[in-house]
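[1] Structure here, sequence nowhere to be found:
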């Protein structure tokens, strides 16, 4: 019945049998059959079917937290207390800079402590990773702290604070960051990303209007654009560009400095699991 509970939660999150099937790898008819089996076993209907929509009825709404608790309990039963005996897959979501920064060393430590564990890396941007953790598709994720309150089911532990700096081409003179931002074209950190929203807030607070030359979400690509003279950029001190000989000038923001925070995101019901606790310790 565990399979049916997982399918039930997928339908509850995604709203239709078809969408749930896409996320858990089942056909719509298979999803329908599992929900029917679950409803027959419980003796109650869990959804009101309206067209293609599957809307939780009162019984279904009561069942969601209970199903989550049952699955979390089963996961705890399946985990050995001895790290060397851990088996199975751990799905780890990570933004690009975490993949090349924090994660490699953490995975080496994880392999040393739990050689039987099979980590699976799921790349993505922070907003998508948040949705995947919330939906149970990813066990945990290293991502940028959201600029809004998280759902109560999720836990975010800050693991790194990265200061923003201004980078400018070597051919551009001057050391006053606000003046350079006002005068030079701006290679903008994607304003729809969590990190880019921090830049937007900073510019608004400083009452700066910038001329956008390009907007993108990849930090190392932003640095390359600045190297080539496309403009200046505000970005966090993170990424592979910091490990190479600099071909840009880095100007600190001093008292104007603001930060991007990386967090380890997981579901509250799973953060006490030994595997999750071990991985968190490997990030330190």
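    Yes, it's here. Note that the structure is predicted; figures quoted are calculated from it, not measured.
[2] count of residues packed around residue 180?
    19 (other C-beta atoms under 10 Å). Quick note: C-beta positions are derived from backbone N, CA and C, even for glycine.
[3] quick one: it and residue 234 touch, right?
    No - counting by C-beta atoms under 8 Å, residue 180 sits too far from residue 234 to count as a contact (10.2 Å).
[4] Can you check which residues contact both of these two?
    Common neighbours of residue 180 and residue 234, counting by C-beta atoms under 8 Å, 6 or more residues apart in numbering, are residue 166.
[5] For the helix or strand harbouring residue 41, name the packing helices and strands.
    Assigned by DSSP states H and E, residue 41 belongs to helix 28-42. If you count contacts as 3 or more C-beta pairs under 8 Å, 6 or more residues apart in numbering; DSSP states H and E, helix 28-42 packs onto helix 2-14, helix 17-24.
[6] which residues touch it?
    Residues contacting helix 28-42 (C-beta under 8 Å, 6+ apart): 1, 3-5, 7-8, 10-11, 17-18, 20-21, 24, 26, 45-47, 54, 63.
[7] That one vs helix 17-24, what angle?
    Orientation check (axes from the mean of the first three to the mean of the last three C-alpha atoms, to 10 degrees): helix 28-42 against helix 17-24 gives 100 degrees.
[8] Specify the angle between helix 28-42 and helix 2-14 in degrees.
    Using the same axes, to 10 degrees: helix 28-42 against helix 2-14 is 110 degrees.
[9] I'd like the mean pLDDT over the next helix or strand after helix 28-42, please.
    Past helix 28-42, further along toward the C-terminus, the next helix or strand under DSSP H and E is strand 47-50. Averaging pLDDT along strand 47-50 yields 82.
[10] Return the list of strands paired to the next helix or strand after strand 47-50, each annotated with direction.
    Counting by DSSP H and E, the next helix or strand C-terminal to strand 47-50 is strand 53-56. Paired with strand 53-56 in the same sheet, following DSSP bridges, are strand 47-50 (antiparallel).
[11] Okay, buried residues for the partner strand please.
    residue 47 (16 or more other C-beta atoms under 10 Å).
[12] again, but for stretch 124-138
    Those would be 124-126, 128-130, 132-138, for stretch 124-138 by 16+ other C-beta under 10 Å.
[13] likewise stretch 269-284?
    269, 270, 271, 273, 275, 276, 278, 279, 280, 282, 283.
[14] Just the mean pLDDT for the helix or strand residue 250 falls within, thanks.
    Element membership for residue 250 (DSSP H and E) is strand 248-251. The average pLDDT for strand 248-251 rounds to 96.
[15] related to what we said a few turns ago, the buried residues of stretch 124-138: which two are farthest apart?
    Spatially, the most separated pair among the buried residues of stretch 124-138 is 125 and 136, at 18.9 Å (C-beta to C-beta).
[16] What distance do you get for residue 106 to residue 90?
    Residue 106 sits 12 Å away from residue 90, going by C-beta to C-beta, to the nearest Å.
[17] Counting neighbours, go ahead and name the busier of those two.
    Neighbour count, other C-beta under 10 Å: between residue 106 and residue 90, residue 106 has more, with 22 against 19.
[18] would that one count as being in a strand?
    No - using DSSP: H, G, I helix; E, B strand; the rest coil, the assignment for residue 106 is helix, not a strand.
[19] pLDDT at it, what is it?
    So residue 106 comes in at 95 (pLDDT).
[20] and the gap between residue 113 and residue 282?
    From residue 113 to residue 282 the distance is 7 Å (C-beta to C-beta).
[21] thinking again about what came up before, a markdown table for the buried residues of stretch 124-138, including secondary structure?
    What follows is those, written out as a markdown table (three-state DSSP):
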| residue | secondary structure |
| --- | --- |
| 124 | coil |
| 125 | coil |
| 126 | helix |
| 128 | helix |
| 129 | helix |
| 130 | helix |
| 132 | helix |
| 133 | helix |
| 134 | helix |
| 135 | coil |
| 136 | coil |
| 137 | coil |
| 138 | coil |
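[22] Tabulate the residues you listed (JSON lines), appending pLDDT.
    Shown next, in JSON lines, are those (pLDDT from 0 to 100):
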{"residue": "124", "pLDDT": "93"}
{"residue": "125", "pLDDT": "93"}
{"residue": "126", "pLDDT": "94"}
{"residue": "128", "pLDDT": "92"}
{"residue": "129", "pLDDT": "94"}
{"residue": "130", "pLDDT": "92"}
{"residue": "132", "pLDDT": "88"}
{"residue": "133", "pLDDT": "90"}
{"residue": "134", "pLDDT": "85"}
{"residue": "135", "pLDDT": "79"}
{"residue": "136", "pLDDT": "81"}
{"residue": "137", "pLDDT": "84"}
{"residue": "138", "pLDDT": "91"}
